[in-house]
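K.L.:
whatever this is, show me its structure:
(chains A and B)
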2 protein chains.
Amino acid sequence: MARRTGRRPGNPDTREAILAAARAAFAERGFDAASIRAIATAAGVDPALVHHYFGTKEELFRTAMAMPIDPAQLLPGVLAGGPEGVGGRLVRTFLGVWDSPAGTPAVALLRSAVSNEWMARLVREFLVTQVLRRVLDHLDIDPVELPLRGSLVASQLVGLAMMRYVIRLEPVASADPETLVAAIGPTVQRYLTGDLD
Amino acid sequence: MARRTGRRPGNPDTREAILAAARAAFAERGFDAASIRAIATAAGVDPALVHHYFGTKEELFRTAMAMPIDPAQLLPGVLAGGPEGVGGRLVRTFLGVWDSPAGTPAVALLRSAVSNEWMARLVREFLVTQVLRRVLDHLDIDPVELPLRGSLVASQLVGLAMMRYVIRLEPVASADPETLVAAIGPTVQRYLTGDLD
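P.N.:
Presented below is the predicted three-dimensional model:
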């Protein structure tokens, strides 16, 4: 075996066996409880090979879901500006990704989450562990309130994706992104930082 | 043939032929342009038989979509109270339907709209012709603004259904309905009657 000088595509069958084991483990046990060691055992490979092919557990999770976006790359820019205007920045970034070529696999992922209970669980795990925790790290939100605030934001953004890319209801389907930022940004802002009672 | 003394279940094959023709016509031509006459011709029956089995074009449309709810029954109660508080009433009524036994076929319909382009078109037609037009009839909304306002409301309510019934993200999945009315009602209110710029 060659020295590890970065991630390698690897044997396609081995890769697919690891990804299948990862999907099963993340869906059954959740992101936190699923270990690289258990995934490697289920796939019949050494844990080091999993890291070698796929990097961190976060990276393996995104690859297993065919998730085209990495919240670790996108969210700090959205959140770094602080609470003011974060709703509009989040909607703008969301539309930037979904309107881009990365949107095609994102729509495919949304479709499969609707038709497949396992994929729904993976999407849920993704939202909670990869998105909401990062929001908590950057915004000063009461941790007790974060789950409700986060799932309300998810309801609006997933609904926006449904109307714009799946159901294609006009004018949301072809509206200029800034029109949607102006209309929906305040909703997301209130869900994150406003009064919900 | 017996006298028409109300709608009758009719021959199952004939019924199914009419429903298949109706689904095709509504999806291809849209609700307004699809005529009972053309649907009857496509199904090889007399137009009177279509009315006899299914009632009005609206009723045929809902039956063809397996749509468990009739906006004509629900919306007047929501809208009659006028613009104030309409957002909260709409969210409460929406959750009342989806949390009830009618919610199971509604979730099935949402799933099929995501996986099937024809069903997506039917849902779109349903929203525009059966829901939004009724809103326009009852609330004093500028007709020019109605499509954007209506599709924003649809984005929030469909996203709520996705998170509560399909992805099942907590705490939205099992929240008390009034918690969601308090959180989401103001969003719907603003989309219907507020400033969107």
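K.L.:
three-state assignment of the nearest residue to A:G81 once chain neighbours are set aside?
P.N.:
Nearest in space to A:G81, with sequence neighbours left out and distances taken as C-beta to C-beta, 6 or more residues apart in numbering or on different chains, is A:R89 at 6.3 Å. Backbone N, C-alpha and C define where each C-beta goes, glycine included. Following DSSP: H, G, I helix; E, B strand; the rest coil, the label given to A:R89 is helix.
K.L.:
which residue does chain A have closest to chain B?
P.N.:
A:G159 (2.1 Å; C-beta to the nearest C-beta).
K.L.:
contacts only, for the residue nearest to A:G81.
P.N.:
A:R89 makes contact with A:G77, A:V78, A:G81, A:G185, according to C-beta atoms under 8 Å, 6 or more residues apart in numbering or on different chains.
K.L.:
does chain B have contacts with stretch A:21-40?
P.N.:
No - for stretch A:21-40, no contact with chain B is found by C-beta under 8 Å from any C-beta of the partner chain; the gap never falls below 12.4 Å.
K.L.:
which parts of the lowest-mean-pLDDT helix or strand in chain A are buried?
P.N.:
Sorting the helices and strands of chain A by mean pLDDT, DSSP states H and E puts helix A:133-138 at the bottom, at a mean of 79. Across helix A:133-138, burial judged by 16 or more other C-beta atoms under 10 Å in any protein chain shown covers A:R134, A:V135, A:L136, A:H138.
K.L.:
related to what we said a few turns ago, now the residue nearest to A:G81: how far from B:P101?
P.N.:
41 Å (C-beta to C-beta, to the nearest Å).
K.L.:
residue nearest the centroid of chain A?
P.N.:
Nearest to the geometric centre of chain A sits A:F126, at 4.9 Å (C-alpha atoms, centre = their mean).
K.L.:
can you list the weak-confidence ranges in chain A?
P.N.:
Scanning chain A for pLDDT under 70 picks out A:1-9.
K.L.:
how about the helices in it?
P.N.:
Assigned helices in chain A, in chain order: A:12-29, A:36-43, A:47-54, A:57-65, A:71-79, A:86-98, A:103-115, A:117-126, A:133-138, A:146-161, A:177-193 (criterion: DSSP state H).
K.L.:
highest mean neighbour count out of the ones you listed?
P.N.:
Highest mean neighbour count of the helices of chain A: helix A:146-161, a mean of 24 (counted as mean count of other C-beta atoms under 10 Å in any protein chain shown).
K.L.:
angle of that helix against helix A:117-126?
P.N.:
Relative orientation of helix A:146-161 versus helix A:117-126 (axes from the mean of the first three to the mean of the last three C-alpha atoms, to 10 degrees): 120 degrees.
K.L.:
for helix A:146-161, C-alpha coordinates in PDB please.
P.N.:
Output of helix A:146-161 as PDB, limited to C-alpha atoms (Å, rounded to 0.1, in the frame of the first residue of the first chain):
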ATOM      1  CA  LEU A 146     -32.200  26.500  19.800                       C
ATOM      2  CA  PRO A 147     -34.000  23.400  18.700                       C
ATOM      3  CA  LEU A 148     -37.300  25.200  18.200                       C
ATOM      4  CA  ARG A 149     -35.700  28.200  16.600                       C
ATOM      5  CA  GLY A 150     -33.600  25.900  14.300                       C
ATOM      6  CA  SER A 151     -36.400  23.700  13.200                       C
ATOM      7  CA  LEU A 152     -38.600  26.800  12.400                       C
ATOM      8  CA  VAL A 153     -35.800  28.100  10.200                       C
ATOM      9  CA  ALA A 154     -35.500  24.700   8.600                       C
ATOM     10  CA  SER A 155     -39.200  24.600   8.000                       C
ATOM     11  CA  GLN A 156     -39.100  27.900   6.100                       C
ATOM     12  CA  LEU A 157     -35.900  27.100   4.100                       C
ATOM     13  CA  VAL A 158     -37.000  23.600   3.200                       C
ATOM     14  CA  GLY A 159     -40.400  25.000   2.200                       C
ATOM     15  CA  LEU A 160     -38.700  27.600   0.100                       C
ATOM     16  CA  ALA A 161     -36.700  24.900  -1.700                       C
END
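K.L.:
still on that earlier bit, okay if I get the contacts of A:R89 as a markdown table plus distance to A:V107?
P.N.:
Shown next, in a markdown table, are these (distance: C-beta to C-beta, whole Å):
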| residue | distance to A:V107 |
| --- | --- |
| A:G77 | 23 |
| A:V78 | 21 |
| A:G81 | 28 |
| A:G185 | 22 |
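K.L.:
just give me the closest of those residues to A:E145.
P.N.:
A:V78 (19.0 Å; C-beta to C-beta).
K.L.:
what's near enough to touch the closest one?
P.N.:
The contact partners of A:V78, by C-beta under 8 Å, 6+ apart, come to A:V86, A:R89, A:L90, A:T93.
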